[in-house]
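Chemist: sequence unknown, structure follows:
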């Protein structure tokens with residue numbers, strides 16, 4: 001079983017990013033679109049933000065439009081390569097390599113529904129440093145309710161930047 005840290009990797013950027021209007025410094029390059037049906041329906045199209053974190057060897061990709069956000073955490077085998085990445089539940093499963101975990105959240109008139117992946121897949125392609133892909137994931141509501149959605153989407157022209165945490169030197173041994 002993995003720690004709750006992985007769940008936070010997926011949900012915290014979405015919480016923070018949803019405060020923006022999609023035009024500030026949290027936006028990146030390329031395009032991202034997603035739509036979902038089930039307990040709720042919706043869609044978004046936005047410029048995504050992508051970071052590759054050497055520490056933990058994973059790609060974080062998320063997009064925000066208005067009050068909606070969708071994020072993917074991609075876990076490559078060793079380096080980020082093209083191929084199929086099976087989706088897993090970040091609270092229940094160990095990290096699968098190659099694997100992907102997804103999260104989605106938005107505001108509505110009653111609450112802030114948050115969902116996380118439990119199965120599905122991502123097809124990732126690479127052309128030079130640029131990433132593209134399409135995904136389809138079944139997600140369940142984080143609050144433990146039985147609500148589920150099916151989310152599908154695609155992205156292209158994504159060039160990840162280094163993870164900010166990778167530039168922070170680790171403390172050495174103390175004397």
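Modeler: Received it, and whenever you're ready, just let me know what you need. Fair warning: this is a prediction, and the values are worked out from it, not measured in the lab.
Chemist: pairing partners for the top strand by length along the chain, with directions?
Modeler: Longest strand of the chain, by residue count under DSSP state E: strand 114-127. With DSSP bridges as the test, strand 114-127 is paired with strand 83-87 (antiparallel), strand 99-105 (antiparallel), strand 130-141 (antiparallel).
Chemist: deepest of these, which one?
Modeler: strand 99-105 (a mean of 26; mean count of other CB atoms under 10 Å). Yep, even glycine has a C-beta here, placed from its N, CA and C like the rest.
Chemist: where in this protein is pLDDT low?
Modeler: Low-confidence segments of the chain, defined by pLDDT under 70: 1-28, 93, 166-175.
Chemist: go again with 80.
Modeler: Confidence mapping of the chain against pLDDT under 80 gives the ranges 1-28, 92-94, 144-145, 165-175.
Chemist: which parts of it are helices?
Modeler: 4-17 (DSSP state H).
Chemist: mind listing the residues bridging to the residue nearest the centre of the chain?
Modeler: Nearest to the mean C-alpha position of the chain, counting by CA atoms, centre = their mean, stands residue 72 at 1.8 Å. Beta-bridge partners of residue 72, counted by DSSP bridges, are residue 61, residue 102.
Chemist: can you list the buried residues in stretch 149-159?
Modeler: Residues 149, 151, 153, 155, 156, 158 are the ones in stretch 149-159 that count as buried (16 or more other CB atoms under 10 Å).
Chemist: which one of those residues is nearest residue 135?
Modeler: residue 153 (5.6 Å; CB to CB).
Chemist: mind listing what the nearest residue to the closest one once chain neighbours are set aside touches?
Modeler: Nearest residue to residue 153, sequence neighbours excluded (CB to CB, 6 or more residues apart in numbering): residue 34, at 3.2 Å. Neighbouring residues of residue 34 by CB atoms under 8 Å, 6 or more residues apart in numbering: 43, 44, 63, 70, 104, 151, 152, 153.
Chemist: ok, the fifth one touching residue 151?
Modeler: In this case it means residue 104. Yes: Residue 104 lies in contact with residue 151 (CB atoms under 8 Å); the separation is 6.0 Å.
Chemist: give me the residues contacting stretch 51-61.
Modeler: So stretch 51-61 is contacted by 9, 13, 32, 48-50, 71-76, 78, 80, 131, 155, 158, 160-166 (CB under 8 Å, 6+ apart).
Chemist: just the buried subset of these, please.
Modeler: Neighbour counting over the contacts of stretch 51-61 (16+ other CB under 10 Å) leaves 9, 13, 32, 48-50, 71-76, 80, 131, 155, 158, 160, 163 as the buried ones.
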